[in-house]
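K.L.:
okay, predicted coordinates and the sequence, questions at the end:
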Amino acid sequence: MNVAHLLDLHAGHRPGAPAVVGAGGPRSWRALRERVTRLAGGLAAHGVGRGDRVAILAQNDARYFETYLALAWLGALVVPLNTRLAPAELAFQLADAEARLWLVGDSLTALADAVTPQPARLALGDPSLLAGAPVDAFAAVTPEDTLGIFYTGGTTGLPKGVMLTHGNVLANSRHVMRAIGYSAEDLHVHAAPIFHLADLGHLWAVALAGGAHAFVPSYSPETFCEAMERTRASVGVLAPAMVTALVRFADLGRYDLSRWRVLVYGGSPITEETLRRALAVLPCRLWQGYGQTEATQTVCFMTPEVHDLALARPALVRSCGRPIAGVEVRVADASLEPVKPGESGEIVVRGPTVMKGYWKRPAETAEALAGGWLRTGDVATVDADGYLYILDRKKDMIITGGENVYSVEVENALASHPAVADVGVIGVPDETWGERVHAVVVLRPGSRATPEELQAHCRTLIGGYKVPKTVEFVEALPRTPSGKIQKATLREPYWRGHSRKVS
């Protein structure tokens, strides 16, 4: 079934109920369906058809949501782009996806102008997109048809496009909707970026339930609280760094957040201090989500009841919860057999939410899905009660402020500086971001460079969130006999005494 069917579903059963709430007042499901069919007609007039890829570079916006639906309506594929990428990274993804059209939000035209080459481009709110004849019926698709391509970092330094299908997204939406209990009475304020699966997965789940949506273009505790109070919202999805800023917000008590019932967080480490403060000062119940783009977001949840239990059993604070119903998850050995409680293994996943594969990368798809399970690359243990505890990442990845950063991407950028002889990049603890990107650099004999110079060089090549926040200069890097950098040795002094390394 096409995910756009939810428009017919809710416009038929609840035509006057709110679907989108914004500055201009609420827009009903019937009105949303009418706009989406016109937008589909406008996209078709610009040559977009079934199977075409359309990229979007925009901040959170109701028009972004409408475009997701319109592309699904046509059977076309959405390619959401991270607004924090550098122009060269955006150019790679546009070319790799072979995007037919590129839609750019109002505040990102300067960034888009720096991208070269680029496909045909329109403003996200271009009037021509609503000027065409409406497309009255949505495209018939199978559950295996691709809905979108979602780029994630690569261990080789090049991003991989994850192909998620209509079946993947609908399955994840049903699982999340049932687990949390989303209903038509819910209103979700989107403050985390909707180009990320972390928030987007809940967008679809709330939409499937018939709930409403409001959009915050750029997060701050003040803009988030204002939107939550104004819309009487019940749902928010925030990265741990956003939660930390919120619980430290001096004016938090000024806002009426009494209808807020669900806060979902995850994607990066959260400190025990932030967690305890959130439980004490926020009116909502907390859900921690562990997932992966390749699994259409959700693999495990730590429920509100487990959060309460963790106050008495502190070890549970380090858990990422238990598998969500509808997805099969195990901590497995090299033969994909489950390990015993307390033993370590790799988290592997199978079920209807596992990706179709990587776009144009059959070898990497076969490797990731070998044996019929998705290999997450996360090393974990499981206890006798079925709670998972992530220990480390097999993939060399850092999660900072909810963004995935593959070390090799940063190392490649640093290594291109003429003064750098050798470099290793790791994630180290950070109270604000969970982890920060830290570079350990060996300079060439006779060369000089400052941390600021290396950071400025990186900004020309990679997104700002990937640029090392700290730089350390050393005489040599520790290496194995085969020449591989010993990342564990580099990390050890920073992580000593920290029990909650990853989330």
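P.N.:
Structure received.

K.L.:
quick one, longest helix in the chain?
P.N.:
What stands out as the longest helix in the chain, according to DSSP state H, is helix 29-45.

K.L.:
send me that helix as CSV with only the CA atoms.
P.N.:
Extracted C-alpha coordinates of helix 29-45, given in CSV (Å, rounded to 0.1, in the frame of the first residue of the first chain):
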residue,chain,number,x,y,z
TRP,A,29,-7.1,16.5,6.5
ARG,A,30,-9.5,17.3,3.6
ALA,A,31,-7.6,20.5,2.9
LEU,A,32,-4.2,18.7,3.1
ARG,A,33,-5.4,16.1,0.6
GLU,A,34,-6.5,18.8,-1.8
ARG,A,35,-3.1,20.6,-1.5
VAL,A,36,-1.1,17.4,-1.9
THR,A,37,-3.0,16.4,-5.1
ARG,A,38,-2.4,19.8,-6.6
LEU,A,39,1.3,19.6,-5.6
ALA,A,40,1.5,16.2,-7.2
GLY,A,41,0.1,17.8,-10.4
GLY,A,42,2.7,20.6,-10.2
LEU,A,43,5.5,18.2,-9.8
ALA,A,44,4.2,16.1,-12.7
ALA,A,45,4.1,19.3,-14.8
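
K.L.:
wait, what's in contact with residue 63?
P.N.:
Taking Cβ atoms under 8 Å, 6 or more residues apart in numbering, we find residue 63 in contact with 124, 125. In this view, the C-beta of every residue, glycine as well, is placed from N, C-alpha and C.

K.L.:
doesn't it fall inside a strand?
P.N.:
No. Counting by DSSP: H, G, I helix; E, B strand; the rest coil, residue 63 is not found in a strand; it is helix.

K.L.:
okay, it and residue 6: tell me how far apart.
P.N.:
For residue 63, the distance to residue 6 equals 18 Å [Cβ to Cβ, to the nearest Å].

K.L.:
and the helices in the stretch 101-250 of the chain, which stretches?
P.N.:
109-113, 166-180, 197-209, 221-231, 240-247 (DSSP state H, counting those that start in this stretch).

K.L.:
how about the longest helix of the chain: buried residues?
P.N.:
29-33, 35-44 (16 or more other Cβ atoms under 10 Å).

K.L.:
before we move on, which element is the closest residue to residue 487 other than its chain neighbours in?
P.N.:
Leaving aside its sequence neighbours, residue 487 sits nearest to residue 426 (Cβ to Cβ, 6 or more residues apart in numbering; 5.8 Å). Residue 426 belongs to strand 420-430 when assigned by DSSP states H and E.

K.L.:
could you give the angle of that strand to helix 240-247?
P.N.:
40 degrees (axes from the mean of the first three to the mean of the last three Cα atoms, to 10 degrees).

K.L.:
pull whichever helix or strand comes after strand 420-430 out as PDB, backbone CA atoms only.
P.N.:
Per DSSP H and E, the first helix or strand lying C-terminal to strand 420-430 is strand 434-443. Extracted C-alpha coordinates of strand 434-443, given in PDB (Å, rounded to 0.1, in the frame of the first residue of the first chain):
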ATOM      1  CA  GLY A 434      27.000  13.500  24.100                       C
ATOM      2  CA  GLU A 435      30.200  13.000  22.000                       C
ATOM      3  CA  ARG A 436      32.400  15.500  20.300                       C
ATOM      4  CA  VAL A 437      34.600  15.000  17.300                       C
ATOM      5  CA  HIS A 438      38.200  14.900  18.400                       C
ATOM      6  CA  ALA A 439      41.300  14.800  16.100                       C
ATOM      7  CA  VAL A 440      44.600  13.400  17.100                       C
ATOM      8  CA  VAL A 441      47.100  14.800  14.500                       C
ATOM      9  CA  VAL A 442      50.800  14.200  13.600                       C
ATOM     10  CA  LEU A 443      52.300  17.000  11.600                       C
END
